[in-house]
Each structure stands twice: as structure tokens, then as C-alpha cells.
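Undergrad: Need a 3D model of the following:
(one chain, ligands or ions: 1)
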Amino acid sequence: MKIIKTAEKWKKLKAGGLLKRGSIGFVPTMGALHEGHLSLVRRSIKENAATVVSIFVNPAQFNDKGDLKRYPRPLKDDIKMLRAEKTDLLFLPDPGRMYADGYAYRVAGQDISKELCGVYRPGHFDGVLTVVMKLLNIIGADRAYFGEKDYQQYILIKGMAEAFFMDTEIIPCPILREADGLAMSSRNRLLKPEERKRAPLFHALLERRLPPGRIKKELSAAGFRPEYVEERWGRRFGAVKLGKVRLIDNVRVVGSRW
Ligand code: PAF
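TA: Residues are numbered from 1 along each chain as shown. Below is the predicted model of the structure:
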């Protein structure tokens, strides 16, 4: 696995035919990789001649500086995992180069950016869309893979790619869960043991045949601090805080669930 740190180096390698074997698949991540990320990498490897993964903890998408500071960065382990999957290339840019403009230019999402998580994380989706636009422009992949745990993010990225006639196909991939139902997330490793034990109740309650308002009440009674439980796009979405950790999840809703 080649590790590349700048857009210039990547573009040179690409132009020099490094990955001329066929299509390029791309998996953008913020690191702290888990089986959910690896399922995207495996799918990309299956569907493309070469796979590029990026690890970049994007400061522009953190509205809470404490959250940015706490975000796990186990880079050595991540590299080991990507090597084991036979990833072709890891793109590891640094914030100074990614934001050489000081974030003067950014993608500003409207409407969907401002609902659900957008209400509780002002500016978050502008940060996500901006960095994804930069990464997609740099890598120039045929396909890019995104997990459905961040379904609102997926909808926004797909909308942006279409609105700006971008060449990369945006592909959603199903949520992977731990055996107890908790959606896999890099933030799960920040949960204290007692919180980790309680966390699967979040998913279990989202699946209950109850109105969203009732589920919110049940979440509070179970010790979570719920932000929202709402339905859109045939799914029920939720966000909660458990201790210092923010968890999001969503489940499909078929017809009326209560
Ligand atoms: O889903 C994530 O890990 C991030 O939001 C992404 C898409 C890599 C952009 O920083």
C-alpha cells in the first residue's frame, strides 16, 4: 500500500499511470477504522481495479472543539488494517494544505443541511460537503463509498455530486452493527464500559413500534440525552448523547410502525 500525503503527488502518480488498470474506487474516512469502514473498502476492492482510502480528521466539520480534540486517531492500527485488506493507496493529507485558503471557500448546503443533525451541529454539513468536494476533486475516482449510518450525509453528498455534475458515482453501503445491535462507529470506542453496555438500547428503541415522541421519552428514561427522533426518506433517524459521546443511528420504516 502506497501512502501519499499531497494532492500534487497523487495527481503525478495518477498521470504516470500508477492506477491505469481500470476504475478507481474511493473510501473517504476520518480514521479510527472499524469493520463498517472495512466493509466499504472490501466492496470498493471488489468493484474496482484499484482502491484509494483517505484518512483525514476534518476540522471544518467539528462544531465542538472538544469533540475534535477527543476524536480517536489510532493511525498505526488503521494502516495495519488497510494493508491487511490489500488497499492500493492511502491518502493522508494535512489540514494546512487541505485548507490553504483558510476555509475561505466552502460548499454551503441549504434545507437538508439544516435539519436533523444540522439543527444540533451548525456548520457541520458545510464542513463535510466542502471536504468531500475537495477529496473527490483530488482523487478523481469512478466510485466513492459512504456508509448509511450517516444517511443524511450520504443524501447531501449525492445531491452535491449531482448538482455540480461531478464525475464520481456516490454509492451507499448498509450499516454494520455489533452483535448487540449498536451501529459500528469510530466514536463507540470513546464510551465508558457502563455506557457501552447501555448503548445498544438506542437502536432497540428506534426499532420499537412507537411514535417518535414516545421513543424520545423512553430514551431519556433509559439515561440517554436525546436530540431528535424523526422520520424521513422511509427511515427513522435518531441522535443521542451518552456521557460525552454523541451517537446517531437510523432504521428503515415500512408503512406505519405504531
Ligand atoms: O463520514 C465521515 O467519516 C466523514 O464525514 C467524511 C465523509 C470522511 C468527511 O470527512
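
Undergrad: ok, which residues in the chain are in contact with the ligand?
TA: Within the chain, the residues that sit near the ligand (C-beta under 6 Å from any ligand atom) are P28, T29, M30, N58, Q61, V128, V131, V132, D150, Q153. Where C-beta positions appear, they are placed from N, C-alpha and C, glycine not excepted.

Undergrad: what do you get if the cut-off is 8 Å, keeping everything else the same?
TA: Counting by C-beta under 8 Å from any ligand atom, the positions of the chain adjacent to the ligand are 28-30, 54, 56-58, 61, 127-128, 131-132, 135, 146-147, 150, 153, 157, 186.

Undergrad: what's around R225, how many residues?
TA: Around R225 there are 12 other residues, counting by other C-beta atoms under 10 Å.

Undergrad: what about the closest residue to it other than its chain neighbours, helix or strand, and which?
TA: Excluding its sequence neighbours, the residue lying closest to R225 (C-beta to C-beta, 6 or more residues apart in numbering) is K241, at 4.2 Å. Here K241 is covered by strand 235-242, with elements defined by DSSP states H and E.

Undergrad: Can I get that strand in CSV, CA atoms only?
TA: The C-alpha coordinates for strand 235-242 follow below in CSV (Å, rounded to 0.1, in the frame of the first residue of the first chain):
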residue,chain,number,x,y,z
ARG,A,235,-36.3,5.8,7.7
ARG,A,236,-36.4,6.7,11.4
PHE,A,237,-33.4,8.8,12.5
GLY,A,238,-32.1,9.4,16.0
ALA,A,239,-29.3,11.2,17.7
VAL,A,240,-28.5,10.9,21.4
LYS,A,241,-25.8,11.8,23.8
LEU,A,242,-24.5,9.2,26.2
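
Undergrad: Partner strands of that strand and their direction?
TA: Applying DSSP bridges, strand 235-242 is found paired with strand 225-232 (antiparallel), strand 245-252 (antiparallel).

Undergrad: Now find how far off-centre the longest helix belonging to the chain is within its chain.
TA: Of all segments of type helix in the chain, defined using DSSP state H, the longest is helix 124-139. For helix 124-139, the separation from the chain centroid amounts to 12 Å (computed by C-alpha atoms, centre = their mean, to the nearest Å).

Undergrad: Could you pull out the buried residues of that helix?
TA: By 16 or more other C-beta atoms under 10 Å, the buried positions in helix 124-139 come out as 124-136, 138-139.

Undergrad: Out of the residues of the chain next to the ligand, list just those in helices.
TA: If you go by DSSP H, these have G127, V128, V131, V132, L135, Q153, I157 in helices.

Undergrad: okay, the residues you listed in TSV with pLDDT next?
TA: Converted to TSV, those look like this (pLDDT from 0 to 100):
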residue	pLDDT
G127	98
V128	98
V131	98
V132	98
L135	98
Q153	98
I157	98
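
Undergrad: quick one: which two of these are the most distant?
TA: Across these, the longest distance by C-beta to C-beta is 13.3 Å; it joins L135 and Q153.

Undergrad: contacting residues for the residue nearest in space to the middle of the chain?
TA: Nearest to the mean C-alpha position of the chain, by C-alpha atoms, centre = their mean, lies D150 at 5.6 Å. The contact partners of D150, by C-beta atoms under 8 Å, 6 or more residues apart in numbering, come to I248.
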